[in-house]
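>>> My questions concern the predicted model and sequence given below.
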2 protein chains.
Amino acid sequence: MQRGYALPVSHQLPIVGQPQPERADAARNRQKIIQVAARMIELKGADQLSLDEVAREACVGVGTVYRRFGDRTGLVFALIDERERVFQEAFMNGPPPLGPGAGAAERVAAFLTALVDRVVDQQDLMLLLELGSPKVRFRGPYRLYHTHLTRLLAEVRPAVDPRFLADALLAPLNAHLISYQRDERGLTVEAIKAGARTLAQALTQPRA
Amino acid sequence: MQRGYALPVSHQLPIVGQPQPERADAARNRQKIIQVAARMIELKGADQLSLDEVAREACVGVGTVYRRFGDRTGLVFALIDERERVFQEAFMNGPPPLGPGAGAAERVAAFLTALVDRVVDQQDLMLLLELGSPKVRFRGPYRLYHTHLTRLLAEVRPAVDPRFLADALLAPLNAHLISYQRDERGLTVEAIKAGARTLAQALTQPRA
DNA sequence: GTTGCAACCGGAGGAATTTCCGCTTAATCT
DNA sequence: AGATTAAGCGGAAATTCCTCCGGTTGCAAC
């Protein structure tokens, strides 16, 4: 697995420059920790993820986990990383209507629909991600989503601040809300997607 | 202060029926705890609120705090309570356009605008509120907001599930996001309100 | 007043997160 | 190979949230 979000210490977007070398033992431990964490989540659910336990299970000190991943959110970034790359690739460079080639309005709708799937797909991890402080939360994938939507909205709706609209489109698709809608309100994933499309349509249709 | 959200043990909506008696010592402690908590927040910020410390400062055991308020979120409910009542009264029974008397679309817009003010007004406490688990978060004030909006939206936009739309209107006005937009994106409160109005308009305008 | 008991009290303690720091070791340079 | 050193390591300890339970007390009924 390549190094992704899980850079040492702080939460950063992927760096493509020269990846400064990582000592062999450090790399070994990172692997071990990620594997153990993934297995434990599969076993007992993401909400039961205890870093203490991960450390114990991986036969490393707690300090090692924290140095490698900063905090729990950092570890979750690393666990999400693989599928997240695929998703990002899809809306950045993939085929339309998600990727470039389709109209902005259509791409927004496609993006929101795909995002619902993305959230549902790794719901537990997404929930964990949203537990972090906002400083952290808005750095991860969210930042890229926001940039993407802002660009598209600026094309089609220049009258209103596209940065706000981008947030307004992303906010209803947060993992906690979706999870609540499904579990407590009884909404199906399809219903949520339909709602997302309605949202997209309402905000990309310029008016007088 | 009346008893509001801060009912013993669990998080509930206000009960207007007969308020079952509370022992004198219990009432005394509730007061003391609320006062100490309020003072500590004023002093060191809401994010530094430690229940252990509140207990120590109020000269009661930690257990007492937890029996009275259930958990941190419960205590925050109690602290919010007063202004929250005023706000709820305003959109339930106050003068239009916020209260009844105006058209549904207009009321939605007025509500969202007022909600922005509400969130900004007690931002720190709102942030704390959102930190609780979703089970808790969606019980407090949120539940009432959602019911209110759902009713209004059902009048004006029956084609789409109004419950989803209500969530979609509330989500962008969460305290974490607003705080981020103001601090990091440099958006003014006015800009956020303008965005909220745009949202309201886009979702209350029925289309083909 | 006395009494009975349900409600209440306080704080010890478990679980989890996160910080800190003295020791160890991998990688590099000579 | 040997020396140097920055990076890494592990776990003790501080902090916080929350639960639990043996002892205490307000209060209502007699």
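That came through fine.

>>> So which elements touch the lowest-mean-pLDDT helix or strand in chain A?
For chain A, using mean pLDDT, DSSP states H and E, the weakest element among its helices and strands is helix A:134-137, scoring a mean of 81. Under the contact criterion of 3 or more C-beta pairs under 8 Å, 6 or more residues apart in numbering or on different chains; DSSP states H and E, helix A:134-137 touches helix B:175-183. For glycine as for every other residue, the C-beta is placed from the backbone atoms N, C-alpha and C.

>>> so does the helix it packs on get close to chain A?
Yes. Counting by C-beta under 8 Å from any C-beta of the partner chain, chain A has neighbours in helix B:175-183: B:176, B:177, B:179, B:180, B:181.

>>> For the residue lying closest to the first one once chain neighbours are set aside, list the residues it contacts.
Beyond its immediate neighbours in the sequence, the residue positioned closest to residue B:176 (C-beta to C-beta, 6 or more residues apart in numbering or on different chains) is residue A:134, lying 4.5 Å away. Residue A:134 makes contacts with B:176, B:177, B:179, B:180, as judged by C-beta atoms under 8 Å, 6 or more residues apart in numbering or on different chains.

>>> Spit out the contact partners of the residue positioned nearest the centre of chain A.
Nearest to the geometric centre of chain A sits residue A:141, at 4.2 Å (C-alpha atoms, centre = their mean). Applying C-beta under 8 Å, 6+ apart, we find residue A:141 in contact with A:80, A:84, A:88.

>>> so who does the last one touch?
What it means is residue A:88. By C-beta under 8 Å, 6+ apart, the contact set of residue A:88 is A:141, A:144.

>>> Now with 7 Å, please.
residue A:144 (C-beta atoms under 7 Å, 6 or more residues apart in numbering or on different chains).

>>> What segments of chain A are helices?
Along chain A, counting by DSSP state H, helices occupy A:24-44, A:51-57, A:62-69, A:72-93, A:104-121, A:123-131, A:134-137, A:141-156, A:162-170, A:175-183, A:189-204.

>>> right, so these: which one is the most enclosed?
Most buried of the helices of chain A by mean neighbour count (mean count of other C-beta atoms under 10 Å in any protein chain shown) is helix A:162-170; its value is a mean of 24.

>>> Compute the distance from the centre of it to the centre of its chain.
Mean-position distance between helix A:162-170 and its chain equals 16 Å (C-alpha atoms, centre = their mean, to the nearest Å).

>>> helices or strands next to that helix in the packing?
helix A:141-156, helix A:189-204, helix B:175-183, helix B:189-204 (3 or more C-beta pairs under 7 Å, 6 or more residues apart in numbering or on different chains; DSSP states H and E).

>>> do you know which of those lies nearest DNA strand C?
Set against DNA strand C and scored by C-beta to the nearest atom of the strand, the helices and strands packed on helix A:162-170 come closest in helix B:175-183, at 16.2 Å.

>>> what's the closest of the contacts of residue A:134 to residue B:193?
Closest approach between those and residue B:193, by C-beta to C-beta: residue B:177, at 14.0 Å.

>>> Can you name the residues that contact the closest one?
Neighbour list for residue B:177: A:167, A:171 [criterion: C-beta under 7 Å, 6+ apart].

>>> measure it to DNA strand D for me?
23 Å (C-beta to the nearest atom of the strand, to the nearest Å).

>>> what's the burial count for residue A:59?
Using other C-beta atoms under 10 Å in any protein chain shown, residue A:59 has 10 neighbouring residues.

>>> Do you know the pLDDT at the closest residue to it other than its chain neighbours?
Sequence neighbours aside, residue A:32 is the residue nearest to residue A:59 in space, at 7.6 Å (criterion: C-beta to C-beta, 6+ apart). Note on residue A:32: pLDDT of 96.
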